[in-house]
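K.L.:
give me coordinates for this.
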Amino acid sequence: MELNELQKKADEIIDKIDEKLNCSHDINSTILHLIEELGEVSRELNKPNIRNEDIDKEELGDEIADVFLLLLRIANLNDINLEESIKRKIEKLNKRHGFV
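P.N.:
Residues are numbered from 1 along each chain as shown. Now for the predicted structure:
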């Protein structure tokens with residue numbers, strides 16, 4: 001699936017969930033939700049350090065996916081084509097670090 005398609009799918013599922021739960025992922029609530037999900041990524045990554053447990057790769061993948069969906073939502077709320085932005089950023093980084 002193309003990144004632009006993922007942006008559309010992210011909005012679709014988030015809008016459906018918002019409708020079901022009678023809430024709204026505007027920019028402020030989306031950022032707060034993103035911070036919450038980043039904490040869940042951090043908790044999973046920190047398991048070996050604080051709980052002497054292995055990282056659950058499936059759980060970590062799910063939490064990273066939550067973060068990614070919310071980042072897509074933020075891009076959508078700001079009319080940003082993330083695929084173009086990522087390509088442009090990679091080009092800038094390549095130039096900045098002398099890789100091209």
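K.L.:
now tell me what touches the helix or strand hosting residue 87 from outside.
P.N.:
Assigned by DSSP states H and E, residue 87 falls within helix 82-96. The contact list for helix 82-96 (Cβ atoms under 8 Å, 6 or more residues apart in numbering) reads 2-4, 7, 71-72, 75, 99-100. For every residue, glycine as well, the C-beta is placed using N, CA and C.
K.L.:
minimum pLDDT in the residues you listed, which residue is that?
P.N.:
Of all the contacts of helix 82-96, residue 100 carries the smallest pLDDT score, 83.
K.L.:
list the contacts for residue 54?
P.N.:
By Cβ under 8 Å, 6+ apart, the neighbours of residue 54 are 47-48.
K.L.:
what kind of secondary structure is it in?
P.N.:
coil (DSSP: H, G, I helix; E, B strand; the rest coil).
K.L.:
and the gap between it and residue 45?
P.N.:
Counting by Cβ to Cβ, to the nearest Å, the separation of residue 54 from residue 45 is 11 Å.
K.L.:
name the residues contacting each of those two.
P.N.:
With Cβ under 8 Å, 6+ apart as the test, residue 54 and residue 45 reach no residue in common.
K.L.:
circling back: ChimeraX command to pick out the buried ones of the contacts of helix 82-96?
P.N.:
Restricted to buried positions by 16 or more other Cβ atoms under 10 Å, the ChimeraX selection for the contacts of helix 82-96 reads:
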select :7,71,72,75
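K.L.:
a markdown table for the contacts of helix 82-96, including secondary structure and distance to residue 17?
P.N.:
A markdown table is the format used below for the contacts of helix 82-96 (DSSP: H, G, I helix; E, B strand; the rest coil; distance: Cβ to Cβ, whole Å):
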| residue | secondary structure | distance to residue 17 |
| --- | --- | --- |
| 2 | coil | 23 |
| 3 | helix | 21 |
| 4 | helix | 21 |
| 7 | helix | 16 |
| 71 | helix | 16 |
| 72 | helix | 14 |
| 75 | helix | 18 |
| 99 | coil | 40 |
| 100 | coil | 42 |
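K.L.:
pick out the residue nearest the middle of this structure.
P.N.:
A centroid search over the chain (Cα atoms, centre = their mean) returns residue 68, at 1.8 Å, as the residue closest to the centre.
K.L.:
no further queries at this time; thank you.
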